[in-house]
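> quick one: sequence plus predicted model below, questions after.
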Amino acid sequence: MNLLARISRQFNDSAQTKLAAMEALAGPIAQAVEAMVASLLAGGKIMACGNGGSAADSQHFAAELLNRFEKERPPLAALALTTDTSTLTSIANDYSYDQVFAKQVRALGQPSDVLLAISTSGNSPNVVEAVRAAHEREVRVVALTGKGGGAVGPLLKTTDVHICVPADRTSRIQEVHLLTLHCLCDGIDCMLLGEDA
């Protein structure tokens, strides 16, 4: 086994996946930025959810809005629905793990808010239920998926935004998801602070 060649192939595959996704995703990412900025300017918040690596991405995104991304600015209203272990475990224990995000969206979601729903496959049952709950609460959804969008894709309304990475390998999808989150943060800052800020 040539470990150096294998590592080089990982870098190359990641770069090629990102370049291939750029044209397909630039438009939806721009739409998502506009939706999130409109929400924040209207006094809304951005809620984010996902499982595993997508839970980490939810927390990463919320932290960069609440604290800062690359430029100094006032804190922005964002919340990762993945962090409160008492809430998560009580809902999972009393109801079902499928409801851990949906119940939070029903409790906290307002029509001016946006839900960032992250699932590499688009098939995570609790993310699917969160999308349904968002629609009940008139919360706009930005879905960040891959593998064709899975079960989430058909649930989305015309007012929602679907950022679906055109790839099937989970690691590659997650790498594009992280780049997408940074594009969202940069776009939000650009629209709020000005391009030269």
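Received, thanks.

> going by C-alpha atoms from here, please, whenever you check contacts or count neighbours.
Will do.

> what about residue 144, neighbour count?
Each residue near residue 144 was counted by other C-alpha atoms under 10 Å, and the total is 29.

> quick one, phi psi at it?
Dihedral pair for residue 144: phi -110, psi 110, per degrees, to the nearest 10.

> same question for residue 46.
Per degrees, to the nearest 10, the backbone of residue 46 is at phi -110, psi 120.

> burial of it, as a residue count?
Using other C-alpha under 10 Å, residue 46 has 27 other residues around it.

> that one: what's it in contact with?
36, 39, 40, 62, 77, 78, 79, 113, 114, 115, 116 (C-alpha atoms under 8 Å, 6 or more residues apart in numbering).

> please redo it, this time with the cut-off set to 10 Å
Applying C-alpha atoms under 10 Å, 6 or more residues apart in numbering, we find residue 46 in contact with 35-37, 39-40, 61-62, 65, 76-80, 109, 112-116, 139-142.

> can you flag which of those residues belong to strands?
Applying DSSP state E to these, the entries found in strands are 78, 79, 80, 114, 115, 116, 140, 141, 142.

> and these, which is closest to residue 132?
Of all the ones in strands among the contacts of residue 46, residue 132 sits closest to residue 141, with 9.6 Å by C-alpha to C-alpha.

> so residue 138 sits against residue 108, correct?
No - counting by C-alpha atoms under 10 Å, residue 138 does not reach residue 108; the two are 11.8 Å apart.

> hmm, back to that, weed out the non-buried ones from the contacts of residue 46.
35-37, 39-40, 61-62, 65, 76-80, 109, 112-116, 139-142 (16 or more other C-alpha atoms under 10 Å).

> and the longest helix along the chain, what does it pack onto?
Identified as the longest helix of the chain according to DSSP state H is helix 3-41. Helix 3-41 is packed against strand 46-49, strand 114-118, strand 140-146, strand 161-165, helix 170-193, with contacts defined by 3 or more C-alpha pairs under 10 Å, 6 or more residues apart in numbering; DSSP states H and E.

> buried stuff in it?
Neighbour-count burial for helix 3-41 [16+ other C-alpha under 10 Å]: 14, 17-18, 21-22, 25, 28-40.

> again, but for stretch 161-168
Using 16+ other C-alpha under 10 Å as the test for burial, stretch 161-168 gives 161, 162, 163, 164, 165, 166, 167.
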